[in-house]
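Q: Let me see the structure of the following:
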Amino acid sequence: MTSTSDVRGSGRGTVHPYHLGHVVFVTAVAAMGGFLFGYDSAVINGAVEAVRDRYDVGSAVLAQVIAIALIGCAIGAATAGRIADRIGRIRCMRIAAVLFTVSAVGSALPVALWDLAMWRVVGGFAIGMASVIGPAYIAEVSPPAYRGRLGSFQQAAIVVGIAVSQLVNWGLLNAAGGDQRGELVGLEAWQIMLGVMVVPAILYGLLSFAIPESPRFLISVGRRERARTILEEVEGEDVDLDARITEIETAMHREDKSSFKDLLGGSLLFKPIVWVGIGLSVFQQFVGINVAFYYSSTLWQSVGVDPADSFLYSFTTSIINIVGTVVAMVFVDRVGRKPLALIGSAGMVIALALEAWAFSSDLVDGGLPATQGWVALIAAHLFVLFFALSWGVVVWVLLGELFPNRLRAAALGVAAAAQWIANWAITASFPSLAEWNLSGTYVIYTIFAALSIPFVLKYVKETKGKKLEEMG
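A: Numbering: from 1, shown residues only. Below you'll find the model as predicted:
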């Protein structure tokens, strides 16, 4: 029997541990979309050199094949909010699960380079949907006192997905004798790497049948009693459920359902709060974080690290990513969103500047000098750590919180689409920029990390402990 002691949160009645456990399960299932998001985003890291070799393509074409999935991400993110408002959050999750499955099978069995690119776009669409639906759904089923920590599940799932993909890649590479194109069960190793995602994709789809629809969506379509039941399950029986439903209904009825037109405002095209969301998304990507996950193996090999060690460093970086995310989950509701973002920005500036300095050295016998090599390796891990304990988690939490009810789904879609476009710009440009000047590339990322500090100080409001109905 669970203890009857209660945890109070934000003037909202009480939440029993029993109900919190149920919410944690619901949140974890929803966050599986984040796991697939992370896995599908990073697994290509293990296939970059194999794709280059098999299809005999240069850096520019290779970058487009790697980055083209992000176009699908942007489209999926931009449309997911409207789809979710029409058919519900859970059905969106199931659509994403199907697309993840199809993409995994297709990517593992491509007939040509264009075919691989097409399947990556399909997977990208699923990632884009998951990037919107996960945070929105989690925010809508979480009690206010726990929303920050539960919202962090999305980023936690993403970083675990990244780590698992790197571990799978490393294991398969070793099984194939260190050759990305080595044969395993009749396929090349990189094909197996891309195909393994079919397992969590199917599991995600099946588990989506075990969690309830968002109570806010149910209220929006007139299913008041079902919404009441779910609110009792996730917020506790001691909460005044009639008052909660009335509060949600009042917030919804004040204005119409979210649409793109609702986001428009004056000469700036979008309303200021939408620009804040876009700014958070763009800064999160322009510090170059995904270079560490899409190209880390290639990056380390370019400065003299052998392939097996480069894959190992990709995995250790992913472990650091998990550690930082856990730190953020512990402190996001205690310290707040803004302080974590500022700490992370300052740390990233230092780490990226150190990487820029290390990569400015001339190679000796095909590798960096010992001092610069160690500085580059340590700084790369510190960069990922500071990103993970701040912007990696905080941005997803804020995007689920900072928009008012009537704008949330549409605004989240626009912000997430901006994030994927920014991600595409960084991913597509890195190989060419690195060939031009690797150190200069990291100077650019350092500048964006520095600019994120005044942006947060001036434009981002703290959302810790506030109810979603208070936003905007």
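
Q: just checking, next helix/strand downstream of the host helix or strand of Ile66?
A: Per DSSP states H and E: Ile66 is located in helix 59-87. Scanning forward in sequence from helix 59-87 by DSSP H and E, the next helix or strand is helix 89-108.

Q: from the middle of its chain, how far away would the helix or strand that that following helix is followed by be?
A: From helix 89-108 onward toward the C-terminus, using DSSP H and E, the following helix or strand is helix 113-141. Offset of helix 113-141 from its chain centre (Cα atoms, centre = their mean, to the nearest Å): 10 Å.

Q: Tell me the buried residues in helix 113-141?
A: 113, 116-141 (16 or more other Cβ atoms under 10 Å). Bear in mind the C-beta positions are built from the backbone N, C-alpha and C, glycine included.

Q: between it and helix 89-108, how many degrees?
A: Relative orientation of helix 113-141 versus helix 89-108 (axes from the mean of the first three to the mean of the last three Cα atoms, to 10 degrees): 160 degrees.

Q: Helix 113-141 vs helix 59-87, what angle?
A: 40 degrees.

Q: Which strands or helices does the following helix or strand past helix 113-141 pack on?
A: Downstream of helix 113-141, the next assigned helix or strand under DSSP H and E is helix 147-175. Taking 3 or more Cβ pairs under 8 Å, 6 or more residues apart in numbering; DSSP states H and E as contact, the helices and strands that helix 147-175 lies on are helix 17-30, helix 32-43, helix 113-141, helix 189-195, helix 307-331, helix 391-401.

Q: Can you check which of these gets nearest to Gly161?
A: Gly161 sits nearest to helix 32-43 of all the helices and strands packed on helix 147-175, at 2.7 Å, using Cβ to Cβ.

Q: helices or strands up against the closest one?
A: Contacts defined by 3+ Cβ pairs under 8 Å, 6+ apart place helix 32-43 against helix 89-108, helix 113-141, helix 147-175, helix 198-207, helix 291-294.

Q: Least confident of those helices, on average?
A: For the helices and strands packed on helix 32-43, mean pLDDT drops lowest on helix 291-294, to a mean of 79.

Q: what about whichever helix or strand comes after it, distance to the chain center?
A: Counting by DSSP H and E, the next helix or strand C-terminal to helix 291-294 is helix 296-302. In this view, helix 296-302 has its centroid 23 Å away from the chain centroid, taken as Cα atoms, centre = their mean.

Q: mean confidence for helix 296-302?
A: In the prediction, helix 296-302 has an average pLDDT of 73.

Q: Stretch 329-346 now?
A: 90.

Q: So Thr463 lies in a strand, does it not?
A: No: going by DSSP: H, G, I helix; E, B strand; the rest coil, the assignment for Thr463 is coil, not a strand.

Q: count of neighbours near the nearest residue to it once chain neighbours are set aside?
A: With Cβ to Cβ, 6 or more residues apart in numbering as the criterion, Thr463 has its nearest non-adjacent residue at 4.4 Å, and that residue is Glu401. Counted with other Cβ atoms under 10 Å, residues neighbouring Glu401 total 24.

Q: same question, the one 4 residues further on
A: Asn405: 23 surrounding residues under other Cβ under 10 Å.

Q: ok, it to Leu184 distance?
A: 50 Å (Cβ to Cβ, to the nearest Å).

Q: contacting residues around Ala376?
A: Contact analysis of Ala376 by Cβ atoms under 8 Å, 6 or more residues apart in numbering lists Val303, Leu354, Glu355, Ala358, Phe359, Leu368.
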